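sequence and predicted structure, then a few things I'm wondering about:
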Amino acid sequence: MIKYIIEGGQELHGGVTISGAKNAAVAILPATLLVEGKCHIENVPDISDVRLLLEILNDMGAQIRRLTPNALEIDCTRVRNTTAPIDLVRRIRASYYLLGAQLGRFGHARNAMPGGCNFGLRPIDQHIKGFEALGAVVEQSGGYVTCDAPEDGLKGGRVYLDIVSVGATMNILLAACLAEGTTTIENCAKEPHIVDLANFLNSMGARISGAGTDVIKVRGVKSLRGGSYSIIPDQIEAGTYMAAVSAAGGSVTIKNIIPKHLDCITAKLREMGMVIREDGDCLHMEKTRRLKRANVKTMPYPGFPTDMQPQIAVCMAMANGTSIVTEGIYDNRFRYTAELNRMGAHVQVEGKAAVIDGVRELHGCEVRACDLRAGAAMVIAALAAEGTTIIEDAHYIERGYEDIIGKLTALGANIKRIETFDPQPAVAGVG
Ligand code: EPU
C-alpha cells in the first residue's frame, strides 16, 4: 500500500525533465518479441507498468539487461514460449500487445482478456477484427483469447476500424509486420506513440508507411533484426506537470519534450491565462494571474487527450467561472470528481459532461487515486490546496510517472511517500 502525503499551497519553481512515453514503451517492449537479435532501447521510463512487462518477457525467456536506469538490451531470439504468465498479464491492460506480437512471431497466441473496467467497458473487438483480416482464427472463452494463424501463415489484409483505437492500430501493426503481403489499416489512430512504434519497427527492418495519418500500410518482411532505438518523451507526463504549475502557480521549465505533441494542451492552458513560451525542446510556463474558465472535449489525437482530462479538470476547478469538460473517449472517466469535491471543488457530472464551478481555494483532506490519471489529478489538486492531503492507493500513479516524488520535490513541493505492507496487493489492471 502506497500513500502520498502532500503539504499544499507552495508554488512550483525550476525545471523538470520528462521521461520516455509510457504508452510507447508498453507497445515497444512486446514488439521486441518480433525481433531476432538484440534491441538496444533508450529513454525507457522506469515505471511499474514497464517493470511488469519486463517480468512477463523475462518469464517467457527473453534475455534482458539493464544498461542504465533508462536503457535496456532485450534479446527475444530464443523465446519459444507462446503463453505469457497469466497472473502478470491480468495486471496490465497493455499486455494485449503480446497477442499481436506473439501471433506475428509464432502464429499462435493465448492470453487472458485484459481488464479495464475502471472507466467503463473496454472491449478489444477491433484488435480481433484486425487479426481476422490477416487470416487468424480467434476464439474468446473463459476469460481467454486464443489466436491461431493458418498453417501457411498470416497474409496481408485490409481492415477499416469502426472506432479510432490506439490499441487496435498498434496491435494490428505488430501482427502484420511479418505477414506475407501488404496490410492496410484505415481509420487508424494517429497518436505520437503510434508513430513511435512504427519508427521502432522500421528501424528493425519493418516496412510501415503512413503512421501518424489515418491510413497505415504494412508491407510484410521475412524477419526483423536487432538495432538501437530511443523512445519519445511522454506527452501526458509533460501535460501533467504543465497542469500542476497552472493549478499550484509558479514558473517552471518543462524539458526534453516534443512541443508539437503538446499543442492542444498548450493552447488550452494559454486560453486559461497561462504564459507559455516554446524554446527548442523545452516549454517555459509561468502563472501570472488566476486561471480563466474554459471548455474542453477529449478526442483522439490531435484532439485533447482523454489521459489529460482529470488533470485539466483540476485547473478548471480553481478557475474563475464555470467550465465544461466533455469526455469523448470513455463511458465513465469521472470517478475522481467525487474525490475532488471532497477537497472543496464544485463539480457536477451529467452523463459524459462535468460542469465545474471554479472555486478560489481547495483544501487538503484524505482522498483516493481511482486510477493512474485520476491519481495524477489528486496530486495536482493537493499541491494547489491549502493544508495536508493524503492520497491513498498511490501505486496507481507509479504505473505511469517516473520518480514523481523526486521531480516534484525538486520543484519545491512538499511531498512524501509512505509504503506499508499489504498482504493482498491491489491489482492495477488498466492503462
Ligand atoms: N474500443 C472498442 N473496441 C476496441 C478498442 C477500443 O470499442 O477494440 C473503444 C474503447 O472502449 C474506448 C475507445 O475505443 O472507448 C478508445 O480506446 P483505445 O483502444 O484507443 O484505448 P486503449 O488502446 O485501450 C490507450 C491507452 C490509454 C488511453 C487510450 C486513448 C495504452 C496502454 N493505453 O488505451 O491510456 O486512454 O489509448 O488514448 O496505450 C493511460 O495512459 O492512462 C491510459 C488509460
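It's in. Numbers count the residues shown, from 1 in each chain.

if I pick the nearest residue to L383 once chain neighbours are set aside, what's in contact with it?
Among residues not flanking L383 along the chain, A248 sits closest, at 4.2 Å (CB to CB, 6 or more residues apart in numbering). C-betas here are computed from N, CA, C, even on glycine. For A248, the contact set (CB atoms under 8 Å, 6 or more residues apart in numbering) comprises 8, 10-12, 380, 383-384, 413.

from the residues you listed, pick the one nearest V138.
Using CB to CB, I380 comes nearest to V138 of the contacts of A248, at 40.7 Å.

measure the closest one to H363 for me?
15 Å (CB to CB, to the nearest Å).

before we move on, back to that, quick check: the residue nearest to L383 vs A384, distance?
A248 sits 4 Å away from A384, going by CB to CB.

for A179, same thing?
A179 is 50 Å from A384, where distance means CB to CB.

can you pick out the residue with more neighbours from these two?
Shown here are A179 and A384; by other CB atoms under 10 Å, A384 has more neighbours (28 against 23).

hang on, the more buried one packs against R360?
No: contact criterion CB atoms under 8 Å: A384 and R360 do not qualify, at 10.9 Å.

picking that back up, mutual contacts of A248 and A384, please.
Contacts common to A248 and A384, judged by CB under 8 Å, 6+ apart, are G8.

confirm I74 sits in a helix?
No: counting by DSSP: H, G, I helix; E, B strand; the rest coil, I74 falls outside a helix, being strand.

wait, it sits on G37?
No: in this structure, I74 is not within contact of G37 by CB under 8 Å, at 10.0 Å.

for the closest residue in space to H261 that isn't next to it in sequence, grab the count of nearby residues.
Nearest non-adjacent residue to H261, counting by CB to CB, 6+ apart: Q235, 4.3 Å away. Neighbour count for Q235, taken as other CB under 10 Å: 28.

mind checking how far Q235 is from the ligand?
In this view, Q235 and the ligand are 10 Å apart by CB to the nearest ligand atom, to the nearest Å.

need the contact list for that residue.
Taking CB under 8 Å, 6+ apart, one finds 21, 192, 257-258, 261-262, 265, 305 in contact with Q235.

next one, pLDDT for G142 please.
With respect to pLDDT, G142 scores 85.

can you give me the distance of it to I92?
Separation of G142 from I92 (CB to CB): 20 Å.

picking that back up, among I380 and H363, which residue is more densely surrounded?
Each of I380 and H363 has its neighbours counted (other CB under 10 Å); I380 has more, 29 against 17.

near the ligand, which residues of the stretch 151-300 of the chain show up?
Contacts of the stretch 151-300 of the chain with the ligand, taken as CB under 6 Å from any ligand atom, map to 163, 165-168, 189.

nearest to L98, of these?
The nearest member of these to L98, counting by CB to CB, is G167 at 12.0 Å.

mind listing what the residue of the chain found nearest the ligand touches?
Relative to the ligand, the nearest point of the chain is G167 (2.6 Å; CB to the nearest ligand atom). With contact taken as CB under 8 Å, 6+ apart, G167 is in contact with 94, 96-97, 124, 126-127.
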